[in-house]
Each structure stands twice: as C-alpha cells, then as structure tokens.
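K.L.:
need a structure here:
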Amino acid sequence: MYQESELFQLSALQHYLFCPRQCALIHLEQIWKENRYTVEGQLMHGRADSERVEKRGNRKIVCSLMIRSLRLGVSGKADVVEFFKEDGKWVPFPVEYKRGRPKENDSDRVQLCAQAVCLEEMLGTEVPCGALFYGKQKRRLPVEFDEMLRAKTENTARAIHEMLAQGVTPAVKWTKKCERCSLLEVCMPEKTGSRCSASRYLASILST
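P.N.:
Model prediction:
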C-alpha cells in the first residue's frame, strides 16, 4: 500500500501510455502547456465537472467524484459515476469523457480501469464495467474490466511510481504522435530525438 503523499494523479496513467517522457515532464518536472487538443479536452470535461448529484429511477448520477486507491497509489476525480441499484446494493459504473475518437492504444481504458479499482477499494464492491464517452462520436464505448486490463493498469501504475521515485525523465524519442503533444516545444524531439544526430543538432545551433 502507498502512502497519501505518494499518490499520483489518475491522468498520469494516460500520459505514460501515450509517452513516458510526456508523463515525466508533467508529473515529475511540473511542466504543462496547452494546445488545441488539451483545450478541447478541458471543455469536454467542463460539461461533466459540475459536482451535481441526481437520481433517475433506480440510477443515481454523481459528477466530479473524488476517488483514490492506496493499492495502485493514485487519486483524482471521476467525471461521472452512475450507481445502479441491484439486489438492494448500489453498483458503481464509471463514465470517462474524452475528446476525439477511441485511441489505438489502451491509455483511456487503463485510466477508466484505475477509476474502477479506486471505487472498489473505497466502497468494498465489485465494479465489472464502465464506459468511455468520445466527443467526436457522441456515444459511449462500453469497457469491461477483465483480468488483462486490470493487470496492465497495475503494471502501468507500478512503472510510473518507479519513474517518479528515480526522478529521471526518459530520453526523448521522436515518433509521429509527437506532433499532437502539447509539450512539443518543450520536449524538442525534432532537435534532440532519434531523427537528428547530436552533431547535426550542435551544427544547427552554431549556424544560427
């Protein structure tokens, strides 16, 4: 079990699976910059960030619910958690709002699975599934929290804790997805990454 002081934000899981270096720049070096994608994401979350609670039949909807897991060592805010009454018990169903479309990697699914682990630990109940809502498609994508996804969530959380404990930001490595990163100007993968040798980088500086 981790201590309160060791918890990192739930969003770090998504950042790490997108790029470990981006995760370290944000959560280790405390660097943040906005771009079109991050602003659109904030607007998307703003609609769910109302801290409202409402009841519709056998369903209770809670927005902006603060959650944590000492086992994973994470904390943060769940966009929306719906509670369904089954056999006299309230069963949580987390819903995470995302801009754009479903990603090729598991970053969104892992972040949602971590929310489920938090709810299970806090409420002492099972959370078998949840959903991701994508703004471009304007519909929910159901997510089952199976053993494989839970293992990936735990392994990712463990890797982030190790990276934060070591205090070392991973080396830069240019890939196509760097073009979508809000930290592109800070990271400078085009100048220092694998597509540019150290000698050419120094030559470009000396020629200016």
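
K.L.:
Could you use CA atoms for every contact and neighbour count after this?
P.N.:
Noted.

K.L.:
Can you pull the domain assignment for the chain?
P.N.:
The chain resolves into domains spanning 4-170, 172-207 when parsed by the TED database.

K.L.:
Name the stretch among the ones you listed that sits most buried.
P.N.:
Comparing the domains of the chain by mean neighbour count (mean count of other CA atoms under 10 Å), domain 4-170 comes out on top with a mean of 17.

K.L.:
picking that back up, make CSV from the domains of the chain and add mean pLDDT to it.
P.N.:
Shown next, in CSV, are the domains of the chain (pLDDT from 0 to 100):
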stretch, mean pLDDT
domain 4-170, 90
domain 172-207, 68
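
K.L.:
I'd like to know how far residue 162 sits from residue 29.
P.N.:
Residue 162 sits 15 Å away from residue 29, going by CA to CA, to the nearest Å.

K.L.:
And residue 63, how far from residue 164?
P.N.:
Noted for residue 63: a distance of 30 Å to residue 164, by CA to CA.

K.L.:
host element of residue 152?
P.N.:
For residue 152, the host element (DSSP states H and E) is helix 147-166.

K.L.:
Using CSV, write out every CA atom in that helix.
P.N.:
Taking C-alpha atoms only, helix 147-166 is exported to CSV below (Å, rounded to 0.1, in the frame of the first residue of the first chain):
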residue,chain,number,x,y,z
GLU,A,147,-8.0,-9.6,-15.9
MET,A,148,-5.8,-8.4,-18.8
LEU,A,149,-6.9,-4.8,-18.5
ARG,A,150,-6.5,-4.9,-14.7
ALA,A,151,-3.0,-6.3,-15.0
LYS,A,152,-2.0,-3.6,-17.5
THR,A,153,-3.4,-0.9,-15.2
GLU,A,154,-1.4,-2.3,-12.2
ASN,A,155,1.8,-2.6,-14.2
THR,A,156,1.5,0.9,-15.6
ALA,A,157,0.9,2.3,-12.1
ARG,A,158,3.9,0.5,-10.8
ALA,A,159,6.1,1.7,-13.7
ILE,A,160,5.1,5.3,-13.0
HIS,A,161,5.9,5.0,-9.3
GLU,A,162,9.3,3.7,-10.2
MET,A,163,9.9,6.5,-12.7
LEU,A,164,8.8,9.2,-10.1
ALA,A,165,10.9,7.6,-7.4
GLN,A,166,14.0,7.6,-9.6
